[in-house]
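Undergrad: Pasting the sequence and the predicted coordinates here, then a few questions.
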Amino acid sequence: MEDCLFCKIVKGEIPSNKVYEDDEILAFKDINPKAPVHILIIPKKHISSANEIEEIDEALIGRMFTVIKKIAKDMDLKNGYRIINNCGEDGGQEVKHLHFHLLGGKKLGISMC
């Protein structure tokens, strides 16, 4: 998508503080962190939201969770962490590109779940 913020980050048009990158996945520090560790993990392929995931994307989405585990280990989040995905307007999704938030580095408050 031409006007997608995260697609521009993938293309290198907008700088980011990368913590992980491979052919399919990019992870970078959130510019407005909500915890000492706040990383965004995105597929390089544009997928608008969790509602747009297709069967063809299943392996990619699974790999994203393997990458999240690796990043959590690299960030020394041995006491735990939170993974968040906001889907759609009512779910609080601000950037229309699938992404997961990895938060940790402190004891997090009680979630809505």
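TA: Looks like it came in fine.
Undergrad: which ones are touching the residue nearest the centre of the chain?
TA: Using C-alpha atoms, centre = their mean, the residue of the chain that lies closest to the mean C-alpha position is residue 41, 2.5 Å off. By C-beta atoms under 8 Å, 6 or more residues apart in numbering, the contact set of residue 41 is 20, 25-27, 64, 67-68, 71, 99-100, 102. The way it works is simple: take the backbone N, C-alpha and C, and place the C-beta from them, glycine included.
Undergrad: For it, which residues count as its bridge partners?
TA: Beta-bridge partners for residue 41, by DSSP bridges, are residue 27, residue 100.
Undergrad: per-residue pLDDT, it?
TA: Listed pLDDT for residue 41 reads 98.
Undergrad: thinking again about what came up before, give the PyMOL command for selecting the buried subset of the contacts of residue 41.
TA: To isolate the buried members of the contacts of residue 41 in PyMOL, using 16 or more other C-beta atoms under 10 Å:
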select buried, resi 25+26+27+64+67+68+71+99+100+102
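Undergrad: The residue nearest to the centre of the chain and residue 83, how far apart?
TA: Separation of residue 41 from residue 83 (C-beta to C-beta, to the nearest Å) stands at 9 Å.
Undergrad: Now do the shared contacts for those two.
TA: Any residue near both residue 41 and residue 83 by C-beta under 8 Å, 6+ apart counts here, and that gives 68, 100, 102.
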